[in-house]
Every structure is written in structure tokens, then in C-alpha cells.
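S.K.: based on what follows, work out the 3D shape:
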Amino acid sequence: MKHYLVTGGSGFIGAALVQRLVRDGHRVRVLDDNSRGHTGRLAGVLDDVEFVQGDIRDADAVRGAVRGVDGVLHLAAVNGTRHFYEKPEVVLDVGVRGILNVLDACRADGVGDLVVASSSEAYQTPPMVPTPEDVPLVVPDVLNARYSYGGSKLISELLAVNWGRSGFDRVAIFRPHNVYGADMGWEHVVPEFSRRAVEAIAGHPNGPVPFQIQGDGRQTRAFVHIDDAIDGIVTVVDKGEHLGIYHVGNPEEVTIADLARQTVACLGREAQVMPGPAAPGGTDRRSPDIARLTALGFTPRIPLSAGLPGVVEWYAERARADLGRIGQAAE
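M.R.: Coordinates of the predicted model:
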């Protein structure tokens, strides 16, 4: 049994990781300011967790949270594409100041085990697909706010690796790839498509459901269910090597158009996909090469066809409730 600090532990991935660590018998301390997360995600284990309310940008709060633990799992970040465009300075501040505070605190308290969450956004448009961990990390355009998140993760990797060369027993990095699940917030493609499907179905009770997307729909992504993602992250925590970088994901690719069709089909209807202008800063294909993680024993178990229906219905229930409230307010 170990004593871990999980930063960002009330976020979507962080909370799922905390739940798993507690079930596995570890002691867990969480540092989060709940600006985007909430302790409801820790239902069932909150009494077994030490929760520290604090901002990752507050060096004193981070030092206090790190004190006395065996290892730090650093997940605190501002994620969600909308946030990249609307508040890129906050995305960068949390990302860069956060990792510096964590590294400083670990060094000061002699905590030698650090696992850092990066992102597939760190390499943005990959030179090959499936994409291995050793591709160049790139910020294609510093003037495009879209890259604030990827830039912060690129910097985080540089800092973690180079600080980790001395003063640490192990620093490992994992890059999640399009994790999806219930209660991840609306700023991601699966929740957004679920809401859009509910609204489109409400407006078109019969026939194919018009479904607007960005781009021509041929762009691909590879989605990994939250349960598989946590299995992958725990594999890195348990077995990851010093200065090792690991892609966490499921290499099963799906086009955005097909994702739209599957989302609407989960709600019992057929989608008429309507292409639109592509989002600036997007990439045509993304799918991880997970051979490094597979070599440590990880295998994703949940294909999109099995994981998507329950997740879509979770968001659809809430989207329908929102529509009902809007309808009542308009009466």
C-alpha cells in the first residue's frame, strides 16, 4: 500500500483514478480547487480520501499537499476545447505553473515518485498514425489559442523529464487519447454530440435527424472508455519506467461522421450528417500506438460499440431535462 497525492483528483479522469486507487487499497490525498471538478465524483470513497481544497498555482498549497506522501500523480489541468479558445492564458498558467509547483514541492519534501498526465495534444498533427510516443512534439501556430493546452503539456513534459533526471527515483508520463465517459463535462465531443442529438431529435420527430458537424466528417479519432483509460494509467503508476512516456488509449479509429451516426443511433434514430466548416487547428487523424503500454500488460477491453450507448444515454437524460426546463420557462 502506498500514499498518493492526486492533483486534479475531483476532475473527470482524476476522480476515476482516485476511486480505483482506493479500491486497490492505497491511501489517497486529493488536491483540487473544484473550479471544474466536484467532490460528487468521489461518491463512495470520499470518507476514505483526504481532500485538500487548493489551487495548483498556489505553491504553498502544493507544498502542503505533497508533504508526507510516497508519490504524486499530477493530473490538474484546464481541459476542454472551448476553454482553449476562451481562456488560453488560464490554460497555460494552470499547466505550466502547476507542474513547476509540483516539481518544486516534490524536491523540497524528498518525494521521488512522480507520474505526470500529458496529452495527445502535445504532438498535435502526427506524422504517422497510429502514433508512437517518440514523434516530435509541436506547437504549429503560437497565434492560435487552440494550442494553449498542447503547448502547456509540451512544456510540462520538458520540465518533468529534465527535472526528473536528478533528485527523483522515477518520473513517468502518460498521454491520454480522447477519453470518454459519464460526467466529464459538456466541453468534449461525445457529450456535445449527445446534447446535439437530443436537440435535433426534439426538432425532428420523424425521419432522418439532421446533424451538423465541423469539417467533412472524414476526420478520425480513437476514443478510449474511462474504465480502460484508468486501467492504462494504473499500469503506468505500477510499472512505468523512469523517464518513460506512455500512450494511454484504444487505437480503434472512428470517423467523426460515423461517431455522429452512432450517437444518434444510440437514441434510436438515424442521422443525416451535415458537414460544415472545419475548426481551425484541428487534425485529420489521431490514433495512438499503445505497444509500450501493452508490453506492460495493458489491453483495452471496451470497444466504442459497447461503451458509447450507456455514456450517450447518461448525457441524453440530462440534455432532455435541460430542454424541459427551457420549455417550461418559455410557457
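
S.K.: please make it C-alpha for all contacts and neighbour counts, starting now.
M.R.: Will do.

S.K.: kindly export the helix or strand where residue 210 lies (C-alpha atoms) in PDB.
M.R.: Using DSSP states H and E, residue 210 sits in strand 209-212. Output in PDB follows, covering the C-alpha atoms of strand 209-212 (Å, rounded to 0.1, in the frame of the first residue of the first chain):
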ATOM      1  CA  VAL A 209     -32.300  13.600 -37.900                       C
ATOM      2  CA  PRO A 210     -30.200  16.500 -39.400                       C
ATOM      3  CA  PHE A 211     -26.900  16.500 -37.500                       C
ATOM      4  CA  GLN A 212     -24.400  19.400 -38.100                       C
END
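
S.K.: list of residues touching it?
M.R.: 196-197, 200-201, 204, 260, 264, 269-276 (Cα atoms under 8 Å, 6 or more residues apart in numbering).

S.K.: what's the farthest-apart pair in those residues?
M.R.: 269 and 276 (21.3 Å; Cα to Cα).

S.K.: between the two, which is the more surrounded one?
M.R.: Neighbour count, other Cα atoms under 10 Å: between residue 269 and residue 276, residue 269 has more, with 18 against 12.

S.K.: need the contact list for that one.
M.R.: 201, 208-209.

S.K.: identify, from those, the entry nearest to residue 234.
M.R.: Closest to residue 234, out of all of the contacts of residue 269 and judged by Cα to Cα, is residue 201, at 39.0 Å.

S.K.: secondary structure element holding the closest one?
M.R.: helix 189-203.

S.K.: need the contacts of residue 269 in TSV (columns: distance to residue 317, pLDDT and neighbour count).
M.R.: Shown next, in TSV, are those (distance: Cα to Cα, whole Å; pLDDT from 0 to 100; neighbours: other Cα atoms under 10 Å):
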residue	distance to residue 317	pLDDT	neighbour count
201	13	97	22
208	21	97	15
209	18	97	23
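
S.K.: that older thread, mind giving me the ChimeraX command for buried ones among the contacts of strand 209-212?
M.R.: Typed into ChimeraX, the line below selects the buried ones among the contacts of strand 209-212, using 16 or more other Cα atoms under 10 Å:
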select :196,197,200,201,260,264,269,270,271,272,273,274
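
S.K.: so which of the contacts of strand 209-212 comes closest to residue 120?
M.R.: Nearest to residue 120 out of the contacts of strand 209-212 is residue 260 (Cα to Cα; 21.8 Å).

S.K.: and residue 320, what's its pLDDT?
M.R.: Note on residue 320: pLDDT of 96.

S.K.: what about it, distance to residue 310?
M.R.: Computed as Cα to Cα, to the nearest Å, the residue 320 to residue 310 distance reads 15 Å.

S.K.: so how far is the strand holding residue 210 off the chain centroid?
M.R.: Strand 209-212 sits 27 Å away from the centroid of its parent chain (Cα atoms, centre = their mean, to the nearest Å).

S.K.: name the next helix or strand following that strand along the chain.
M.R.: strand 220-222.

S.K.: show me what that next one is packed up against.
M.R.: strand 253-255 (3 or more Cα pairs under 8 Å, 6 or more residues apart in numbering; DSSP states H and E).

S.K.: middle-most residue in the chain, spatially?
M.R.: residue 179 (5.5 Å; Cα atoms, centre = their mean).

S.K.: any idea what that one is bridged to?
M.R.: residue 224 (DSSP bridges).

S.K.: correct me if wrong: it contacts residue 225.
M.R.: Yes. Applying Cα atoms under 8 Å, one finds residue 179 in contact with residue 225, separated by 5.8 Å.

S.K.: mind giving me the domain ranges of this structure?
M.R.: Following automatic domain parsing, one gets these domains for the chain: 3-177+224-248, 189-221+252-286+303-330.

S.K.: kindly reformat the ones you listed as TSV containing distance to residue 295.
M.R.: Below are those laid out as TSV (distance: least, Cα to Cα, whole Å):
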stretch	distance to residue 295
domain 3-177+224-248	10
domain 189-221+252-286+303-330	18
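
S.K.: quick one, which of those is packed in tightest?
M.R.: domain 3-177+224-248 (a mean of 20; mean count of other Cα atoms under 10 Å).

S.K.: average pLDDT for that one?
M.R.: If you average the pLDDT over domain 3-177+224-248, you get 97.

S.K.: what's the end-to-end length of it?
M.R.: One end of domain 3-177+224-248 to the other measures 23 Å (Cα to Cα).
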